[in-house]
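**Student:** turn this into a structure:
(one chain, ligands or ions: 2)
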Amino acid sequence: MIIDSHCHLLHSKSEKMIPEIIKDAKSNDVRILLNISTQPEEFNKIIAVSNKYENVYSSIGIHPHSASLMSNENYLLIKKLTKNPKVIGIGETGLDFYYNYSEKKEQIKNLEKHIDIVQENSLPIIIHMREAEEEMMRVISKRFKEKEFSGVIHCFTGSQKFADLVQSLNLYISISGIITFPKSEDLRNVVKNYPLDKILVETDAPFLTPVPLRGKINEPAYIKHTVEYISKMLDLTNSELSDITTKNFFNLFKKTEKLNES
Ligand SMILES: [Zn+2]
Ligand SMILES: [Zn+2]
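**Tutor:** Numbering: from 1, shown residues only. Ligands and ions are numbered 1, 2, ... in the order given. You can find the predicted model right below:
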């Protein structure tokens with residue numbers, strides 16, 4: 001079985017409806033999906049999807065693109081929603097200085113607020129980082145010194161230097177279809193050097209469709225192409241890599257365990 005640790009079921013640009021996307025994932029052995037929210041408007045819909053489908057979990061947070069929506073009201077709302085049994089992570093949040101859809105200052109404040117929450121409730125944080133390495137390293141190192149927290153840098157595209165820092169904080173990295181792109185040589189080297197017990201896989205669907213399906217709208221079922229690519233690269237079988245990344249997912253998102261026990 002494969003777990004898609006990061007997808008956006010509400011963002012699908014295709015005509016395909018959520019039930020069909022989930023069904024196709026299942027028939028491709030993608031048994032668990034973590035459906036990620038990006039802004040408060042989605043929170044209730046995200047939770048409704050995971051209430052309806054046993055194999056879909058939720059993460060609640062505000063993306064850096066929407067950082068200005070981090071009001072005190074929304075901060076309290078996120079905290080409240082973490083009590084939902086299917087909400088297993090906080091995010092995605094982070095810094096995106098590539099698009100800069102929100103002011104840098106606001107992005108940093110938004111990120112820090114999410115860290116406040118995970119330091120308090122011990123859920124893992126899902127971090128988005130694009131062209132903001134220095135600032136990200138500064139913020140997470142500073143906050144880690146106050147109190148450690150767990151989490152994942154999703155859709156990892158950082159440098160080796162950034163990967164070293166992330167590794168030293170025991171954080172996970174999640175690998176998307178980007179690794180299959182011809183020009184991702186640096187990323188491939190980072191993944192080869194990263195501890196195998198700290199690697200997750202994701203689609204970030206409907207974005208970032210892996211080779212050989214470029215041009216199609218991405219969906220969780222297509223994660224198998226990313227898994228195949230990484231397996232080959234690391235000299236593992238597909239099922240070995242699937243088992244490892246599945247185990248890693250459960251180690252990071254510990255709340256899933258409590259759900260399965262009860
Ligand atoms: Zn992202
Ligand atoms: Zn995302």
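
**Student:** against residue 204, how distant is the residue nearest to residue 224 when sequence neighbours are not counted?
**Tutor:** Nearest residue to residue 224, sequence neighbours excluded (Cβ to Cβ, 6 or more residues apart in numbering): residue 28, at 5.7 Å. Placement of C-beta: from N, CA and C, glycine included. Counting by Cβ to Cβ, to the nearest Å, the gap from residue 28 to residue 204 is 17 Å.

**Student:** then residue 13?
**Tutor:** Taken as Cβ to Cβ, the span from residue 13 to residue 204 is 13 Å.

**Student:** comparing these two, which residue is more hemmed in?
**Tutor:** residue 204 (24 against 9; other Cβ atoms under 10 Å).

**Student:** quick one: contacts for the more buried one?
**Tutor:** 6, 7, 8, 154, 155, 176, 177, 218 (Cβ atoms under 8 Å, 6 or more residues apart in numbering).

**Student:** what about the residue nearest to residue 224, how many neighbours?
**Tutor:** Neighbour number of residue 28 under other Cβ under 10 Å is 15.

**Student:** before we move on, what about the one 4 residues further on?
**Tutor:** Residue 32 sits with 21 neighbouring residues when counted by other Cβ under 10 Å.

**Student:** please apply the same query to the one 10 residues further on.
**Tutor:** Here the number of neighbours of residue 42 (other Cβ under 10 Å) works out to 22.

**Student:** can you report phi and psi for the spatially closest residue to residue 215 that is not a sequence neighbour?
**Tutor:** Distance criterion Cβ to Cβ, 6+ apart; nearest residue to residue 215, sequence neighbours excluded, is residue 209 at 7.2 Å. Here is the backbone geometry of residue 209 (degrees, to the nearest 10): phi -60, psi 130.

**Student:** where are the low-confidence patches of this structure?
**Tutor:** The model of the chain has pLDDT under 70 over residues 14-15, 258-262.

**Student:** from the chain's centroid, how far away is the lengthiest strand in the chain?
**Tutor:** The single longest strand within the chain, with elements called by DSSP state E, is strand 87-96. Put simply, strand 87-96 sits 7 Å off its chain's centre (Cα atoms, centre = their mean, to the nearest Å).

**Student:** helix or strand right after it?
**Tutor:** helix 104-121 (DSSP states H and E).

**Student:** sort out which residues of that next one are buried, please.
**Tutor:** 107, 108, 110, 111, 113, 114, 115, 117, 118 (16 or more other Cβ atoms under 10 Å).

**Student:** tell me what that helix is packed against?
**Tutor:** helix 72-81, strand 87-96, strand 125-130, helix 133-146 (3 or more Cβ pairs under 8 Å, 6 or more residues apart in numbering; DSSP states H and E).

**Student:** contacting residues around it?
**Tutor:** By Cβ under 8 Å, 6+ apart, helix 104-121 touches 61-62, 64, 67-68, 70, 75, 78-79, 82, 90-91, 93-97, 102, 123-125, 127, 132, 135, 139-140, 143, 146-147, 149-151.

**Student:** quick one: distance of that helix to the chain centre.
**Tutor:** With Cα atoms, centre = their mean, you get 16 Å for helix 104-121.

**Student:** my guess is residue 207 meets residue 219, correct?
**Tutor:** No - in this structure residue 207 lies outside contact range of residue 219 using Cβ atoms under 8 Å: 10.6 Å.

**Student:** okay, those two: which has more neighbours?
**Tutor:** Using other Cβ under 10 Å as the criterion, residue 207 and residue 219 rank with residue 219 on top: 25 against 16.

**Student:** what residues are up against that one?
**Tutor:** Per Cβ under 8 Å, 6+ apart, neighbours of residue 219: 7, 12, 14, 16, 21, 24, 25, 203, 205, 206.

**Student:** quick one: the helices in this structure?
**Tutor:** 18-27, 40-52, 72-81, 104-121, 133-146, 160-168, 185-193, 223-234, 238-252, 255-261 (DSSP state H).
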